[in-house]
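Colleague: Predicted model and sequence follow; I will ask about them next.
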Amino acid sequence: MSAVAATQLDRTFAALAHPARRAILARLIRGQASVTELAEPFDISQPAISKHLKVLELAGLVERQRDAQWRPCTLRAMPLKLVADWLDEYRQFWDERLTRLDNYLRQLQDEETAGE
């Protein structure tokens, strides 16, 4: 993994570390939303939501635009693809381990059945 990709991965994980930021991303899956709309379900101030959005922007997960008075936020999912690819290596590792365990347990079961 390149240094740039590693830095992006670090930023993405840091952004995903807070439940409010994960909830914001979950809301943006449904489409664009203003800061006011994103703040509605939370019991925190709009400036606090703006700070969370800034973290998400720095991680490349959210893009804020200007459309006259409306400033919509949009999900940018590409950094999540990097996370998914990184996790896939570990998924393959565990799949291999579980397959070996399954084979071993079947072997024990076959030996037990043959001994009866």
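Modeller: That came in fine, so what should we check first? Numbering: from 1, shown residues only.
Colleague: All the helices of this protein, residue numbers only.
Modeller: Along the chain, the segments classed as helices by DSSP state H run 3-16, 19-28, 35-39, 46-58, 78-115.
Colleague: can you redo those as a markdown table with mean neighbour count?
Modeller: All C-beta atoms are positioned from the backbone trio N, CA, C, and that covers glycine. Shown next, in a markdown table, are the helices of the chain (neighbours: other C-beta atoms under 10 Å):
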| stretch | mean neighbour count |
| --- | --- |
| helix 3-16 | 14 |
| helix 19-28 | 17 |
| helix 35-39 | 17 |
| helix 46-58 | 16 |
| helix 78-115 | 11 |
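Colleague: Distance to Q65 added to the ones you listed, as a markdown table?
Modeller: A markdown table is the format used below for those (distance: least, C-beta to C-beta, whole Å):
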| stretch | distance to Q65 |
| --- | --- |
| helix 3-16 | 19 |
| helix 19-28 | 13 |
| helix 35-39 | 12 |
| helix 46-58 | 11 |
| helix 78-115 | 17 |
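Colleague: Can I get those in TSV including mean pLDDT and distance to R64?
Modeller: Converted to TSV, these look like this (pLDDT from 0 to 100; distance: least, C-beta to C-beta, whole Å):
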stretch	mean pLDDT	distance to R64
helix 3-16	91	14
helix 19-28	96	11
helix 35-39	90	8
helix 46-58	93	6
helix 78-115	90	16
